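1. This is a predicted model, with the sequence first.
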Amino acid sequence: MTKIKMVINADYSQLEDFIEGLPLAFLQSGEVIYSGRNIIKTFDVEGVKLNVKSFKKPLFINQIAYSTIRRSKAKRSYLYAFMLKNRGFHTPDPVSYMELKQYNLLKYSLYISVHEEFDGMMRELQHGVINGREELLKQFALYTALLHEKQILHLDYSSGNILYKKKGGNYTFYLVDLNRMKFDKPINLNTACFNFRRLWGSDEMISFIVKEYAKARNFDEAACLKKTFEYRKKFWDTYTRQHPGTTPYIG
């Protein structure tokens, strides 16, 4: 027996009929914008463009966990989006989440958010040089420092999950892929440096970011750099073994 749980942001209650039909509509329509471990599709509904993320079917042991002691990835994404926005940070508007269970075991979950257009994402730092990007890097470092000072830790702080809009000389950063986050715990130097390990870019770019970050948080610059590059080397050595041909930087 299949049970569907649906939670909708009251600001988007006019989309309820569409969301109710999403489990079937997702299989039959929508434009795929990402297909990997999870699938993301866009839908145009009543003048609103939506992103719908379908999380991969969990392993059996996780189906039990998500049905008893853990929140589903979709529910966490939805709740964490509100928590981010309530703290003054940006992420696409959360619209809804859905959980599909059979015999009380979680089989699939969907997270629905408003689709936004961005001017860029931090993954672009894999290419090119630092020249001309100094202001982007500096504002990103200050943004990360503020995020950490507010005790917000994105556990998958990778360059593909950090996007931005640019207006004049100002950058506004947005976080996505929110199902792995921590809130309300102090973030010390070690935790901060570990958080930088997944970022794309040359050693020069990462050094620039870390120095600006350390300055903003009154951390020891040399210690910050040392820790960051230790964690970074370990992460990328493992990543490139698992994904031959990839590199955090292409000059």
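-> Here it is on my side, so go on.
2. where does Met121 fall, phi/psi-wise?
-> Here is the backbone geometry of Met121 (degrees, to the nearest 10): phi -130, psi 160.
3. What sits closest to it if chain neighbours are left out?
-> Using C-beta to C-beta, 6 or more residues apart in numbering and skipping residues adjacent in sequence, the residue nearest Met121 is Leu163, 4.5 Å away. The way it works is simple: take the backbone N, C-alpha and C, and place the C-beta from them, glycine included.
4. Secondary structure of the one you found: a strand, I assume?
-> Yes. Secondary structure of Leu163 (DSSP: H, G, I helix; E, B strand; the rest coil): part of a strand.
5. Do I have it right that it meets Glu117?
-> No. The pair Leu163 and Glu117 fails to qualify as a contact (C-beta atoms under 8 Å) at a distance of 9.7 Å.
6. between the two, who's got more neighbours?
-> For the pair Leu163 and Glu117, the greater number of neighbours falls to Leu163 (22 against 7), based on other C-beta atoms under 10 Å.
7. Identify the residues contacting that one.
-> Residues in contact with Leu163 (C-beta atoms under 8 Å, 6 or more residues apart in numbering) are 118, 120-122, 173-174, 176.
8. just those now: which is nearest Thr2?
-> Minimum distance to Thr2 across the contacts of Leu163 is 28.9 Å, recorded for Val176 (C-beta to C-beta).
9. Now do that closest one, the pLDDT please.
-> Note on Val176: pLDDT of 98.
10. The closest residue to it other than its chain neighbours and Ile250: what is the separation?
-> Counting by C-beta to C-beta, 6+ apart, the nearest residue to Val176 once its immediate chain neighbours are dropped is Asn161, at 5.3 Å. Relative to Ile250, Asn161 is positioned 20 Å away (criterion: C-beta to C-beta, to the nearest Å).
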